[in-house]
Structures are given as structure tokens and as C-alpha cells.
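Peer 1: Generate coordinates for the sequence data below:
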Amino acid sequence: MVGRLAMVAYDDQFTSSVSFGEMVYGAYKQADATENLLSDPEDRMIPNLNILDFDTAAAHHYGILKVYLQRVNLNVSDTDTRIAAIALNHGLTLITSQTLGFSRMPGLRTENWLAEKVSV
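Peer 2: Take a look at the predicted model:
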């Protein structure tokens, strides 16, 4: 996956504000408490990421997706639905290893780079 990501221009790489929140959570959960007081994980991550916000337009996509998922009786987390809404809002392909839930969302393009064999 890292090799595949290296083939994508930095300006074409994005993460969602929702995913960023999960990264911060993971960093604080695993990091030493003293380290957190000296240097916030966000300070190390933000300069290296293009972060797309969960804004009003993404919220609109989220609402439509959530209703659809309920009507077809699909259980997808609100977190994943928000991530999908941001990708849909920007017309992006979502790179994920969790393609099952995401693949059921209408209009969302997904790719699983962990399942692909790509030579670099």
C-alpha cells in the first residue's frame, strides 16, 4: 500500500477530518502521557496531510446516505458514513480495506490497495 501511495501525487492524496480524528485518538491512546504534554500528535501529522472537512455539503450527502442505508437495512457506522459522504462530496475514490460496507453506498467508488498486487 505504501508503494502504491508513493505513486500518487501529494496534491491528489486526502484524508477526511473524521479519519484524522481517529488518527489523533489512536495516537493519544497509545502514546505515553508525558509525551502528549510535550508534543501533540496533531503537530506532527497536520503538515503532512491534506484534510477534507465534514462541512455542510458533506453533511447533506451524509443525511441522504443514512436514510438510504436504513431503508435497505444496512448497518454501517456513522463514522464510515461520514467518511463516505466526504468522499462523495469531493468526487473521490475511497481507499479502504473495509470495502464491504462502503461498496454498498450508491455512487461511492472504492479501492482496496491491500488486496491488490502492485509492482512499484
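Peer 1: Wait, Ala58 touches Ile83, no?
Peer 2: No. Here Ala58 does not reach Ile83: they are 9.5 Å apart, not a contact under CB atoms under 8 Å. For the C-beta atoms, the positions are set from N, CA and C on the backbone; glycine is no exception.
Peer 1: for the protein, what spans make up the helices?
Peer 2: For the chain, applying DSSP state H gives helices covering 2-6, 17-30, 33-38, 41-45, 56-71, 78-90, 99-103.
Peer 1: pLDDT averaged over the last one - what is it?
Peer 2: In other words, helix 99-103. Taken as a whole, helix 99-103 has a mean pLDDT of 84.
Peer 1: cool, stretch 30-49 as well?
Peer 2: If you average the pLDDT values across stretch 30-49, you get 60.
Peer 1: mind checking the end-to-end distance for that stretch?
Peer 2: Taking CA to CA, to the nearest Å, the first and last residues of stretch 30-49 lie 20 Å apart.
Peer 1: Val67 and Tyr10, how far apart?
Peer 2: Distance from Val67 to Tyr10, counting by CB to CB, to the nearest Å: 36 Å.
Peer 1: Over to Asn73?
Peer 2: Asn73 sits 40 Å away from Tyr10, going by CB to CB.
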